[in-house]
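Engineer: the sequence isn't on hand, but the structure is:
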């Protein structure tokens, strides 16, 4: 059995240590990214303090002789690892989400520092998703050659001192990647898409980088869509910070998807025939084109809608994803062009009805539903204009 590894707790960064004598230690954890949101009380399942949560993470790390630490260290270094040379663990509470409270764990070794993440579920929403999410992430990570989702390591439950049970799992941490959100500021020749750096500063993406964000989101989701079973990643939202980015150059970004809360068929009980496959792809694109434009200002403010360039980039990313999947599935080289021509020939009124049907499937009281419905006309017009023959 290894010696006990020194453990230190922090809030947001290593510049903000927290110990049991800190006044925040005994305060309850928030269960919503928007603390003034009226739904916060409905999302509370167990009441857990900052200190109780961080202490639970510490016990999670110790399970099975620090197995999750050695697994994460091995993944980071690319070789088998033990905790024998681990000098310490820094546990940093990154943020408060509607589903999880992610904690960055920094492994301090003689050779350097390596990070992974532990996400615990305190809220009703998180506790209802965490087991399924672990399964979806594990399955999708193993399926793709170059995963853009995190590798998961361990899922378990920890009981706090007052008897509350907190399910949590550990996963890969993506260094240098940050959340992005629409904002209501337009700084000069840049976009209104802002990236939140890990030091809590922010910077605006160029217009080319912003377009690449929406293109990469669409491509990623398209390449995880199953053409034959209609399974797709759903229940994602830009406002929740589900996608993270890292700028590469003034025109391009790299992107990761850090959560998969649901992976289910887009169409219930479909017949596996070519017509349904094509209709399924169209419905997938219609849904994607709407959801990819939706955000909240700065992540927690009013609902926001990306400009038309985001729709152009979404459609571009969708067809790029189709080409990748067609090659992987050994479909004809003309497959993506065939889908494009099929959508071009779709009757305009029927296509607009599909947009309305997607919006109508949202919960009746959902503010997103009314927000999207008010924009369907212009969205549909631009969608058809993009796909119109040159």
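Structural biologist: On my side now, so go ahead. Since the model is a prediction, treat every value here as computed from it, not as a measurement.
Engineer: ok, then the element right after the top helix by length along the chain?
Structural biologist: With secondary structure taken from DSSP state H, the chain has its longest helix at helix 50-77. Tracing the chain past helix 50-77, the next element assigned as helix or strand by DSSP states H and E is strand 86-93.
Engineer: domain parsing for the protein?
Structural biologist: 7-172, 179-387 (automatic domain parsing).
Engineer: what's the longest helix of the chain packed up against?
Structural biologist: If you count contacts as 3 or more Cβ pairs under 8 Å, 6 or more residues apart in numbering; DSSP states H and E, helix 50-77 packs onto strand 7-11, strand 86-93, strand 101-109, strand 113-120, strand 152-159, strand 165-172. For the C-beta atoms, the positions are set from N, CA and C on the backbone; glycine is no exception.
Engineer: what's the angle from that helix to strand 7-11?
Structural biologist: Taking axes from the mean of the first three to the mean of the last three Cα atoms, to 10 degrees, helix 50-77 and strand 7-11 form an angle of 110 degrees between their directions.
Engineer: give me the angle between helix 50-77 and strand 165-172.
Structural biologist: Compare the direction of helix 50-77 with that of strand 165-172 by the same axes, to 10 degrees and you get 30 degrees.
Engineer: give me the buried stretch members for helix 50-77, please.
Structural biologist: 50-58, 60-62, 66-73, 75-76 (16 or more other Cβ atoms under 10 Å).
Engineer: just want the angle from that helix to strand 101-109.
Structural biologist: Using the same axes, to 10 degrees, the interaxial angle of helix 50-77 with respect to strand 101-109 works out to 50 degrees.
Engineer: residues in contact with the residue nearest to the spatial centre of the chain?
Structural biologist: Centroid-nearest residue in the chain, with Cα atoms, centre = their mean: residue 242, separated by 2.1 Å. Applying Cβ atoms under 8 Å, 6 or more residues apart in numbering to residue 242 gives the contacts 236, 257, 258, 259.
Engineer: please apply the same query to residue 154.
Structural biologist: When the contact criterion is Cβ under 8 Å, 6+ apart, the partners of residue 154 are 63, 64, 67, 68, 71, 169, 170.
Engineer: of all these, which comes closest to residue 276?
Structural biologist: Here the nearest of the contacts of residue 154 to residue 276, counting by Cβ to Cβ, is residue 169; it sits at 35.0 Å.
Engineer: what sits against the closest one?
Structural biologist: Shown in contact with residue 169 (Cβ under 8 Å, 6+ apart): 118, 119, 130, 133, 134, 152, 153, 154, 155, 156.
Engineer: pretty sure residue 179 is in a helix, no?
Structural biologist: No. Counting by DSSP: H, G, I helix; E, B strand; the rest coil, one finds residue 179 to be strand, located in no helix.
Engineer: the closest residue to it other than its chain neighbours and residue 2: what is the separation?
Structural biologist: Among residues not flanking residue 179 along the chain, residue 241 sits closest, at 4.2 Å (Cβ to Cβ, 6 or more residues apart in numbering). As defined by Cβ to Cβ, to the nearest Å, residue 241 lies at a distance of 34 Å from residue 2.
Engineer: ranges for the helices of the protein?
Structural biologist: Ranges of helices within the chain are 50-77, 124-143, 207-223, 274-291, 308-328, 335-344, 348-360, 367-373, 376-387, based on DSSP H.
Engineer: mind giving me a markdown table with the ones you listed and columns for distance to residue 27 and mean pLDDT?
Structural biologist: Output for the helices of the chain, formatted as a markdown table (distance: least, Cβ to Cβ, whole Å; pLDDT from 0 to 100):
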| stretch | distance to residue 27 | mean pLDDT |
| --- | --- | --- |
| helix 50-77 | 6 | 97 |
| helix 124-143 | 19 | 93 |
| helix 207-223 | 35 | 97 |
| helix 274-291 | 35 | 94 |
| helix 308-328 | 39 | 97 |
| helix 335-344 | 52 | 96 |
| helix 348-360 | 40 | 96 |
| helix 367-373 | 29 | 95 |
| helix 376-387 | 43 | 97 |
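Engineer: would you mind finding the most buried of these?
Structural biologist: Using mean count of other Cβ atoms under 10 Å, the stretch among these with the largest mean neighbour count is helix 207-223, at a mean of 23.
Engineer: helices or strands up against that one?
Structural biologist: In terms of contacts (3+ Cβ pairs under 8 Å, 6+ apart), helix 207-223 is packed against strand 190-196, strand 243-247, strand 253-257, helix 274-291, helix 308-328.
Engineer: may I see these arranged in TSV, with distance to residue 86 as well?
Structural biologist: What follows is the helices and strands packed on helix 207-223, written out as TSV (distance: least, Cβ to Cβ, whole Å):
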stretch	distance to residue 86
strand 190-196	30
strand 243-247	26
strand 253-257	26
helix 274-291	41
helix 308-328	39
